[in-house]
Structures are given as structure tokens and as C-alpha cells.
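>>> okay, here's the prediction I keep looking at, along with the sequence it came from:
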Amino acid sequence: MENVPSTPAPGDLTVPLLSGWEGVGAGLLLLAALAVMVLLLAAARPGAGNRSEWQAWLDARSGRAGAAPADPADGPGAIAEG
């Protein structure tokens, strides 16, 4: 009759440290990779955040691009009177 080795008891030094946790680790790694892919796709999609509307608003607000204000008091950092 063959001698069949018994399974090691938990806590025995012959049991690998991550015994049974490989599947959990692989699942978490897969979940993290999926989350990164979703974030990259969301950031790369066209029109994200209504950027075109924001750019149109900025263009309308600024008047002529690169033109200096007529009065230095109307420039950046001017205090509004009212």
C-alpha cells in the first residue's frame, strides 16, 4: 500500500504564506486594472466636461485675444467699484 501524505495543517511551516489568497490577489489586481482603463477612457472621450462650451464662454468674455486693456485699472487684479 502506498504512503499518502496528509495535507499540512494551517499554521504549519510547510504551508505557503499566501495559501488560498492567490485568487483574491488576482481578482483585486484585475479590478484595479479595469478601474484604470475606465478612468483613461473617461478622460479621453471627446467633449468631456463640456470643454467647447467653456472655451466659447472664455472667448466671449475676453473680447479680443491678446489685446491689452484700454485702461490699466480694468486689467487683472483691478478692484471693481460698485
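Ah, there it is. For clarity, every value in this text was computed on a predicted model and none was experimentally measured.

>>> in this structure, which helix is the longest?
Taking residue count as the measure and DSSP state H as the definition, the longest helix of the chain comes out as helix 22-44.

>>> buried ones in it?
Residues of helix 22-44 classed as buried: none (neighbour count, 16 or more other C-beta atoms under 10 Å). (C-beta placed from N, C-alpha, C; glycine too.)

>>> quick one: mean pLDDT for whichever helix or strand comes after it?
Past helix 22-44, further along toward the C-terminus, the next helix or strand under DSSP states H and E is helix 51-62. The average pLDDT within helix 51-62 is 78.

>>> which other helices and strands does helix 51-62 contact?
Under the contact criterion of 3 or more C-beta pairs under 8 Å, 6 or more residues apart in numbering; DSSP states H and E, the helices and strands touching helix 51-62 comprise an empty set.

>>> low-confidence regions, this protein specifically.
1, 11-12, 15-18, 46-50, 63-82 (pLDDT under 70).

>>> apply 90 and report the result again.
In the prediction, the chain carries residues with pLDDT under 90 at positions 1-23, 42-82.

>>> quick one on the thing from earlier: elements contacting the longest helix of the chain?
Counting contacts by 3+ C-beta pairs under 8 Å, 6+ apart, helix 22-44 is packed against no other helix or strand.

>>> I am finished for the moment; much appreciated.
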